[in-house]
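> Build me a model from this:
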Amino acid sequence: MRKSILLLSTALSLAAPLAQAAKHHHHEHAPGTGAVSPGDDSDKFIGTLAAKDGLIVTAGPSGPPPVPDSPAGDAATPAPPTLPAVTSYVLMDGTTGAVLAEAAPNLQVPPASLVKLMTAHVVYQALHAGSLKSDQTVPVSVEAWHAGGSSMFIDPKSTVTVDQLLHGLLIVSGNDAAVALAEQTSGSVGSFVQVMNKDAAAMGLTNTAYVTVNGLPPDDGEHTTAMDVAILSHNILQDEPEVLNITKLESYTYDNITQATWNPVLAKDPTVDGLKTGLTKESGHCIDASAIRNNMRLIAVVMGGPTFSASTAAVESLLGYGEKFFSDTQVTTAGAPLETLQSGALDSGAVPVGAAQTVTLTLPNDALGHITHSINYTADLTPGATKGEILGSATFTLNGKTLATVPVEALADSPAASFFTRLQRKLSKTL
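Numbering: from 1, shown residues only. Here you go, the predicted model:
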């Protein structure tokens with residue numbers, strides 16, 4: 001029986017000189033004991049979070065902690081937590097994109113392996129477009145083989161598919177997987193990086209520049225922010241939600257080597273199902289976590305912690321804040337009446353109007369039931385109104401603050417008033 005080996009990256013670091021770990025700057029922490037493939041003769045390396053978390057300790061933030069703010073909160077919403085262990089953070093609603101809490105959200109920092117989120121996004125886009133197939137075999141170049149740092153252990157003789165590489169990329173943070181995927185998708189790493197930056201610009205990631213596909217230094221100016229990571233994560237969860245089928249896994253086995261996830265929050269919090277971590281000497285311990293709390297999809301991004309234990313504690317503080325003080329509220333559904341538009345130009349004199357799309361808002365819990373709306377009509381009703389025709393827009397507000405503006409449509413056909421109907425109405429007004 002072939003042995004199935006559990007390799008934790010930090011356990012490998014234990015066996016290697018600390019100088020070698022410092023050289024690579026990318027031996028990320030893999031918490032917990034992970035999983036072992038079936039077999040009574042399995043070999044395994046097991047270490048506890050406490051034992052391994054101090055293996056790579058970065059400087060952490062210096063100076064006063066970043067000042068927290070809650071853009072989605074109101075006057076009655078408590079201030080977000082002050083988290084001195086991290087350099088910046090963002091808590092975002094994964095459904096609406098509302099920012100529930102932030103501190104130094106636009107501080108530019110090295111992204112480390114958080115780069116692999118964009119790498120995954122570009123690959124998923126190629127899969128959706130049909131230019132890649134998940135079960136197709138990918139050749140492994142010497143460059144991919146020798147990528148260094150965290151690895152899924154592929155080489156030019158490996159038989160590996162796109163799906164396996166995505167697992168290796170997102171669970172074990174394989175730098176080799178990132179290079180192999182980039183070369184298969186775009187022909188070269190350089191061309192793939194161009195696509196990454198193009199997609200970043202399209203998403204509005206104004207404080208992000210990609211230089212690599214895996215975040216390994218030297219990165220020559222590669223940078224991002226907590227806000228841009230949160231926006232990228234929101235886009236991925238909206239466009240490629242299948243990523244969670246991978247990032248929720250606590251281990252992955254390739255070629256009889258089982259490695260635990262790098263995401264330390266997965267082992268601590270059953271509500272968490274993703275997404276990615278990053279660690280270099282320059283970046284500190286970064287975590288991008290996604291979770292479901294009270295039926296809310298939350299994204300918590302923390303950057304620059306001194307250890308993964310500290311960054312995990314920061315993530316938990318943010319998720320707890322979002323769960324306690326905010327809710328996702330469906331204020332109207334597509335096709336539900338908002339009001340009736342009265343118009344003498346219509347034969348019936350009126351037409352029911354509703355939002356053209358469902359509107360879900362992230363609100364402070366104390367604000368539930370206090371949302372108001374107003375409708376601005378712009379359509380010419382002289383020819384009548386047709387069901388589904390856009391008649392204007394509805395704006396939803398809370399205490400004078402605009403939360404959302406959406407198109408409104410006619411919910412029924414309403415023919416134009418005839419000449420005699422209009423004449424009769426005109427005469428009735430003069431009598």
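
> Show me the chain divided up by domain.
Domain ranges of the chain: 5-326, 333-430, per automatic domain parsing.

> so which of those is the most packed in?
domain 5-326 (a mean of 20; mean count of other C-beta atoms under 10 Å). In this view, the C-beta of every residue, glycine as well, is placed from N, C-alpha and C.

> Would you map the helices across this protein?
Ranges of helices within the chain are 9-15, 18-24, 49-53, 115-129, 142-145, 162-170, 175-186, 189-203, 226-239, 244-247, 264-268, 308-325, 419-430, based on DSSP state H.

> I'd like to know which of the ones you listed lies nearest to residue 410.
helix 419-430 (18.6 Å; C-beta to C-beta).

> pretty sure residue 140 contacts residue 177?
No - look at residue 140 against residue 177 with C-beta atoms under 8 Å: they stay out of range, at 9.4 Å.

> Name the residues contacting each of these two.
Both residue 140 and residue 177 are contacted by residue 154, under the criterion C-beta atoms under 8 Å, 6 or more residues apart in numbering.

> about what we covered before: out of the domains of the chain, which gets the lowest mean score?
For the domains of the chain, the bottom mean pLDDT is recorded on domain 5-326, which sits at a mean of 86.

> And that domain, how far out from the chain middle?
11 Å (C-alpha atoms, centre = their mean, to the nearest Å).

> Can you report phi and psi for residue 261?
phi -60, psi 150 (degrees, to the nearest 10).

> next one: residue 271
According to degrees, to the nearest 10, residue 271 has phi -80, psi -10.

> check contacts around the closest residue to it other than its chain neighbours.
Excluding the flanking residues, the one nearest residue 271 by C-beta to C-beta, 6 or more residues apart in numbering is residue 291, at 4.4 Å. Counting by C-beta under 8 Å, 6+ apart, residue 291 touches 269, 271-273, 297-298, 300, 319.

> now, among the residues you listed, which is nearest to residue 133?
Among the contacts of residue 291, and counting by C-beta to C-beta, the member closest to residue 133 is residue 273, at 25.1 Å.

> Is that closest one in contact with residue 247, as I believe?
Yes - shown here, residue 273 and residue 247 form a contact pair, counting by C-beta under 8 Å, at 6.4 Å.

> returning to that earlier point: residues in a beta bridge with the residue nearest to residue 271, which ones?
Beta bridges link residue 291 to residue 272, residue 298 when assigned by DSSP bridges.

> what about it, distance to residue 92?
12 Å (C-beta to C-beta, to the nearest Å).

> before we move on, what about residue 314?
Counting by C-beta to C-beta - residue 314 and residue 92 are separated by 15 Å.

> can you check residue 158 too?
From residue 158 to residue 92 the distance is 37 Å (C-beta to C-beta).

> returning to what we had before: for residue 291 and residue 92, list the residues in contact with both.
Joint contacts of residue 291 and residue 92 (C-beta under 8 Å, 6+ apart) are residue 298.

> returning to that earlier point: so can I have JSON lines of the contacts of residue 291 showing distance to residue 253?
Listed next are the contacts of residue 291 as JSON lines, based on distance: C-beta to C-beta, whole Å:
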{"residue": "269", "distance to residue 253": "23"}
{"residue": "271", "distance to residue 253": "25"}
{"residue": "272", "distance to residue 253": "21"}
{"residue": "273", "distance to residue 253": "19"}
{"residue": "297", "distance to residue 253": "29"}
{"residue": "298", "distance to residue 253": "30"}
{"residue": "300", "distance to residue 253": "28"}
{"residue": "319", "distance to residue 253": "29"}
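
> In these, find the pair that's most separated.
269 and 297, at 14.4 Å, using C-beta to C-beta across the contacts of residue 291.

> Strands along the stretch 301-431 of the chain, start to end?
326-332, 337-342, 350-355, 359-364, 372-377, 384-385, 390-398, 401-410, 414-415 (DSSP state E, counting those that start in this stretch).

> Turn these into JSON lines, including distance to residue 255.
Converted to JSON lines, the strands of the stretch 301-431 of the chain look like this (distance: least, C-beta to C-beta, whole Å):
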{"stretch": "strand 326-332", "distance to residue 255": "42"}
{"stretch": "strand 337-342", "distance to residue 255": "58"}
{"stretch": "strand 350-355", "distance to residue 255": "52"}
{"stretch": "strand 359-364", "distance to residue 255": "44"}
{"stretch": "strand 372-377", "distance to residue 255": "57"}
{"stretch": "strand 384-385", "distance to residue 255": "64"}
{"stretch": "strand 390-398", "distance to residue 255": "53"}
{"stretch": "strand 401-410", "distance to residue 255": "49"}
{"stretch": "strand 414-415", "distance to residue 255": "66"}
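
> Go through the ones you listed and name the closest to residue 79.
Nearest to residue 79, of these and by C-beta to C-beta, is strand 359-364 at 12.3 Å.

> any idea of the angle that closest one forms with helix 308-325?
110 degrees (axes from the mean of the first three to the mean of the last three C-alpha atoms, to 10 degrees).

> centre of the chain versus strand 359-364, how much separation?
With C-alpha atoms, centre = their mean, you get 18 Å for strand 359-364.

> That strand: partners in the sheet, and parallel or antiparallel?
strand 326-332 (antiparallel).

> quick one: contacts of the strand it pairs with?
72-73, 93, 95-96, 100, 294-296, 338, 354-355, 358-365, 368, 371, 373, 394, 396.

> Kindly check the end-to-end length of stretch 339-349 for me.
14 Å (C-alpha to C-alpha, to the nearest Å).

> re earlier: list residues touching both of residue 273 and residue 247?
In contact with both residue 273 and residue 247: residue 290, using C-beta under 8 Å, 6+ apart.
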